[in-house]
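Asker: give the three-dimensional model of this entry:
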Amino acid sequence: MGALEGKKALAFSLKGSDGKTHALKDYAGKAVVLYFYPKDDTPGCTKEACGFRDLNKDILKKGAVILGVSPDDGDSHNAFIKKYKLPFVLLSDPGAKVMRKYGAYGKKMMYGKEVEGVIRSTVLIGPDGKIIKHWAKVPKAETHPEQVLAALD
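Answerer: Numbering: from 1, shown residues only. Here you go, the predicted structure:
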């Protein structure tokens with residue numbers, strides 16, 4: 001069980017790839033898949049984003065929306081969206097403020113070295129604003145979207 005499960009989701013307000021500011025309160029009454037990833041157009045992040053793209057209709061049918069969060073800017077997000085035809089909004093968190101709140105930024109191992117950076121993770125926020133499921137560390141980016149879809153049942 002993730003450390004955040006059962007807790008109230010922490011408020012956020014971030015600029016989206018669509019040019020609008022997105023806040024958690026904008027999604028009241030809907031489930032939100034808030035997934036944190038290190039960088040646009042890198043191998044693992046691309047597999048994960050394309051997995052969410054391929055399951056987007058199924059996730060929407062279950063009353064949830066997908067929001068991806070990384071430190072990348074709007075131009076980078078828009079190029080990533082266009083290249084892979086992603087049907088959901090990507091949010092920019094350049095100072096990692098929201099990522100830190102959700103435990104998605106900190107020390108991690110990369111190629112055998114301890115570094116500080118974005119930790120691939122996801123929170124599934126229920127329509128009531130409480131965290132239903134928290135994947136504090138996603139081990140396999142390519143199969144993770146299927147786990148999220150299953151958790152919506």
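Asker: which residues touch the longest helix seen in the chain?
Answerer: For the chain, the longest helix by residue count, based on DSSP state H, is helix 43-61. Helix 43-61 is contacted by residues 33, 35, 37-39, 65-66, 68, 70, 80, 84-88, 120, 138, 141-146, 148-149, 152 when judged by Cβ atoms under 8 Å, 6 or more residues apart in numbering. From N, CA and C alone the C-beta is placed, and that goes for glycine too.
Asker: how many residues are close by residue 35?
Answerer: 28 (other Cβ atoms under 10 Å).
Asker: quick one: residue 68 and residue 92 touch, right?
Answerer: No - Residue 68 lies out of contact with residue 92 (Cβ atoms under 8 Å); the separation is 10.2 Å.
Asker: these two - which one has more neighbours?
Answerer: Each of residue 68 and residue 92 has its neighbours counted (other Cβ under 10 Å); residue 68 has more, 26 against 19.
Asker: got phi/psi on the more buried one?
Answerer: phi -100, psi 140 (degrees, to the nearest 10).
Asker: and the nearest residue to it once chain neighbours are set aside, what element?
Answerer: Counting by Cβ to Cβ, 6 or more residues apart in numbering, residue 90 is the residue found nearest to residue 68 once chain neighbours are left out, at 4.5 Å. Per DSSP states H and E: residue 90 is located in strand 89-92.
Asker: what lines up beside that strand in the sheet?
Answerer: Here strand 89-92 has these sheet partners by DSSP bridges: strand 13-16 (antiparallel), strand 64-70 (parallel).
Asker: now those as TSV including distance to residue 96 and mean pLDDT?
Answerer: Shown next, in TSV, are these (distance: least, Cβ to Cβ, whole Å; pLDDT from 0 to 100):
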stretch	distance to residue 96	mean pLDDT
strand 13-16	11	98
strand 64-70	10	98
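Asker: ok, which of those comes nearest residue 105?
Answerer: Nearest to residue 105, of all the strands paired with strand 89-92, is strand 64-70, at 10.2 Å by Cβ to Cβ.
Asker: right, I'll leave it there.
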